[in-house]
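>>> With the sequence up front, the predicted model follows.
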Amino acid sequence: MKQSRQESGRVRIGSIFCFVLSILLFSGSTAYALFGGKITEYTADQVFIDANGSIVGTSRLYMTPDKMRMDGTPGGMRGQDISVIYLKGEKRHFILNTKERLYFEGSLDGEKLMQGMSFMKNIESEKVLGTDKVSGFKCTKKQIESTVDLMGYKKKRKYLVWMADELEAPIRTKMDDGSMTELRNIKKGAPDNKRFQVPKGYRKVSNIMELMGMNLSETRGKRTDIRNKKPHAPRSSAQAPAGAATPPRTKARPAPVRPAKVPAPAGGLIFPNSDFETGTLMNWTASGTAFQSQPTKGDNPTARGRRGQPSRHQGAFWVGTFEQYTGAPGERPGRRQGDRPTGTLTSVPFKINGERISFLVGGGKGLKDTYVALVVNGREVRRATGNNTETMRRVVWDVRGFVGQEGTIIIRDAANRGWGHLNADDFRYKGR
């Protein structure tokens with residue numbers, strides 16, 4: 001009986017996970033783009049916006065006609081360290097825990113899932129409302145009513161859908177509760193094929209619970225925490241031997257109440273990818289043309305002949321609006337776009353949990369048109385700019401007066417003059 005309960009638990013967990021995975025893989029625009037749209041190979045940010053207009057999550061998408069990768073989980077769910085790879089032709093998927101360097105492999109029939117849950121294939125009524133432009137693409141705006149079947153759970157829904165004519169897929173979907181999913185920062189072209197492979201050094205696990213750091217199996221007399229590998233002995237139920245003195249009962253003391261800890265990172269990133277090390281603009285939103293080929297990879301100023309002014313970036317990737325080298329296959333270091341493009345890069349909102357924010361900045365000098373700013377309550381409260389050199393320097397902002405409040409980082413290049421560009425990298429909390 002105990003064995004059957006464990007098996008039944010596994011089945012329930014498996015069913016729940018399949019449902020969650022279906023949401024991860026087939027979130028509106030993503031689903032139809034992979035299975036129903038006219039695919040042109042591209043990468044994009046999938047942005048999740050709540051009914052109040054706030055960005056609650058961003059996932060990075062890599063799309064081809066038969067492959068998809070999503071970095072980060074949607075809608076503010078916990079798990080920015082989770083990536084999902086789906087291989088349509090092979091009917092396989094991989095889920096990666098990039099922090100713990102673990103992966104799980106499973107089979108998944110995407111077409112069957114689509115038959116059950118695609119709102120684009122179960123349309124009951126459709127009304128064209130006009131045309132619009134979203135993320136630089138001409139779209140047909142439609143109102144759609146359909147019955148969505150999510151793993152046997154049926155519900156009638158109303159959607160507003162912006163269908164991109166060029167992609168023949170929805171680029172924005174607005175739900176009846178006011179929340180939206182939108183594709184942004186769309187770049188045409190084939191993603192690096194390595195994105196669809198499990199990196200070397202990852203350890204394969206046998207179930208999803210282990211991937212998430214939990215042990216699904218229970219053994220008699222002990223429990224094991226996967227992360228710490230520490231066995232815990234069960235409480236003894238043995239009775240005292242006859243004649244032995246019975247210890248007096250004492251009133252159990254309540255466990256001490258510990259005050260909730262407010263995270264105060266020392267040297268940690270202020271949000272995932274605030275250092276651009278994913279090689280993407282995940283958790284950032286670009287406008288204009290300056291950031292279309294960002295982030296850049298390596299010391300591109302030196303590669304293009306700017307001797308004596310190395311970028312001195314952190315890690316592999318950084319933002320430089322003069323540069324045009326992303327490290328993509330076929331690109332050569334040294335590519336440039338020059339000073340003419342302009343635009344703004346805006347981070348996702350984040351709670352300020354540290355007393356000082358540190359980052360690298362370089363490029364053009366101009367607090368009015370080439371600068372980095374911290375925005376709190378809709379107001380720019382801190383600014384920093386370059387010093388007319390490609391070499392970035394470390395800047396530290398004292399933000400003690402804003403701890404606990406919500407902030408955003410903006411990187412602005414509004415200049416097309418000489419030195420009309422900006423370099424930035426590695427936004428993190430500075431240790432005390």
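All right, it came through fine. On a predicted model such as this, the values are computed, not experimentally measured, just so you know. Numbers count the residues shown, from 1 in each chain.
>>> and whichever strand or helix holds His93, C-alpha only, in CSV?
Using DSSP states H and E, His93 sits in strand 92-97. This file holds the C-alpha atoms of strand 92-97, laid out as CSV (Å, rounded to 0.1, in the frame of the first residue of the first chain):
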residue,chain,number,x,y,z
ARG,A,92,12.2,15.7,-26.7
HIS,A,93,12.7,18.4,-24.2
PHE,A,94,15.4,19.3,-21.7
ILE,A,95,15.0,21.4,-18.6
LEU,A,96,18.2,22.9,-17.2
ASN,A,97,18.9,24.2,-13.8
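>>> how about low-confidence regions in the stretch 151-300 of the chain?
Within the stretch 151-300 of the chain, the ranges that satisfy pLDDT under 70 run 151-155, 213-267.
>>> so what's Val348 up against?
Counting by Cβ atoms under 8 Å, 6 or more residues apart in numbering, Val348 touches 55, 58, 271, 283-285, 408. For glycine as for every other residue, the C-beta is placed from the backbone atoms N, C-alpha and C.
>>> do that again at 10 Å, thanks
47, 54-58, 76, 271-274, 282-285, 408-409 (Cβ atoms under 10 Å, 6 or more residues apart in numbering).
>>> remind me, longest strand of this structure?
Counting by DSSP state E, the longest strand found in the chain is strand 137-150.
>>> could you flag which of the contacts of Val348 are buried?
Among the contacts of Val348, those classed as buried by 16 or more other Cβ atoms under 10 Å are 47, 55-58, 271-274, 282-285, 408-409.
>>> Select from those residues every entry located in strands.
Going by DSSP E, the strands hold 47, 55-58, 284-285, 408-409 from these.
>>> mind giving me the domain ranges of this structure?
Structural domains assigned to the chain are 19-118+178-196, 284-429, following automatic domain parsing.
>>> Compare the ones you listed and say which comes out lowest on pLDDT.
With a mean of 72, domain 19-118+178-196 has the lowest mean pLDDT of the domains of the chain.
>>> could the domains of the chain go into CSV alongside distance to Lys156?
Formatted as CSV, these follow (distance: least, Cβ to Cβ, whole Å):
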stretch, distance to Lys156
domain 19-118+178-196, 14
domain 284-429, 32
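>>> Can you say which of those is nearest to Arg172?
With Cβ to Cβ, the closest approach to Arg172 among these belongs to domain 19-118+178-196: 4.4 Å.
>>> now Arg356, nearest residue through space, not along the chain?
Closest residue to Arg356 apart from its sequence neighbours, by Cβ to Cβ, 6 or more residues apart in numbering: Lys430 at 4.1 Å.
>>> Quick check: Pro272 touching Ser83?
No - Pro272 is beyond contact range of Ser83, at 11.9 Å (criterion: Cβ atoms under 10 Å).
>>> Please write out the alpha-carbon positions of the helix or strand hosting Arg157 in CSV.
Here Arg157 sits within strand 153-164, counting by DSSP H and E. Output of strand 153-164 as CSV, limited to C-alpha atoms (Å, rounded to 0.1, in the frame of the first residue of the first chain):
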residue,chain,number,x,y,z
TYR,A,153,-9.6,21.8,-17.8
LYS,A,154,-11.9,23.8,-20.2
LYS,A,155,-12.5,27.5,-19.9
LYS,A,156,-14.0,30.2,-22.2
ARG,A,157,-11.6,33.1,-22.7
LYS,A,158,-11.5,36.4,-24.6
TYR,A,159,-8.2,37.7,-26.0
LEU,A,160,-6.9,40.6,-27.9
VAL,A,161,-4.3,39.4,-30.3
TRP,A,162,-1.8,41.4,-32.4
MET,A,163,-0.9,39.1,-35.3
ALA,A,164,2.4,40.1,-36.9
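>>> for whichever helix or strand comes after it, packing partners?
Downstream of strand 153-164, the first helix or strand assigned by DSSP H and E is strand 169-174. On a contact count with 3 or more Cβ pairs under 10 Å, 6 or more residues apart in numbering; DSSP states H and E, strand 169-174 meets helix 29-35, strand 42-49, strand 123-134, strand 137-150, strand 153-164, strand 180-188.
>>> List the strands paired with the fifth one, with their directions.
Strand pairing for strand 153-164, determined by DSSP bridges: strand 137-150 (antiparallel), strand 169-174 (antiparallel).
>>> Indicate which one of the ones you listed is closest to Asp66.
strand 169-174 (15.2 Å).
>>> Which parts of this structure are helices?
Using DSSP state H, the helices of the chain run over 2-25, 29-35, 110-117, 208-211, 300-303.
>>> Counting neighbours, what do you get for the nearest residue to Gly268 once chain neighbours are set aside?
With Cβ to Cβ, 6+ apart as the criterion, Gly268 has its nearest non-adjacent residue at 5.6 Å, and that residue is Tyr429. Residues lying near Tyr429 (other Cβ atoms under 10 Å) number 22.
>>> Tell me how far Tyr429 lies from Leu281.
Computed as Cβ to Cβ, to the nearest Å, the Tyr429 to Leu281 distance reads 21 Å.
>>> now the residue nearest to Gly268, which residues is it bridged with?
With DSSP bridges as the rule, Tyr429 is bridged to Ile357.
>>> wait, it sits on Asp275?
No - under the criterion of Cβ under 10 Å, Tyr429 is not in contact with Asp275, lying 11.8 Å apart.
>>> Mind pulling up the pLDDT for Ser135?
So, for Ser135, pLDDT stands at 84.
>>> Isn't it up against Arg184?
Yes - the criterion here is Cβ under 10 Å, and Ser135 meets it with Arg184 at 5.2 Å.
>>> what residues are shared contacts of those two?
44-45, 47, 171-172, 285-286.
>>> Now do the same contact list for Val47.
55-59, 74, 135, 172, 180-185, 283, 285, 348.
>>> Identify the contacts common to Pro272 and Ser83.
Shared contacts of Pro272 and Ser83 (Cβ under 10 Å, 6+ apart): 71-72, 278.
>>> Redo those as TSV? Include distance to Pro65.
Output for those, formatted as TSV (distance: Cβ to Cβ, whole Å):
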residue	distance to Pro65
Asp71	20
Gly72	23
Thr278	23
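>>> now, which of those residues lie within strands?
Asp71.
>>> Just send the shared contacts of Pro272 and Ser83 back as JSON lines, with distance to Asn353 and neighbour count too.
Below are the shared contacts of Pro272 and Ser83 laid out as JSON lines (distance: Cβ to Cβ, whole Å; neighbours: other Cβ atoms under 10 Å):
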{"residue": "Asp71", "distance to Asn353": "23", "neighbour count": "26"}
{"residue": "Gly72", "distance to Asn353": "20", "neighbour count": "27"}
{"residue": "Thr278", "distance to Asn353": "21", "neighbour count": "18"}
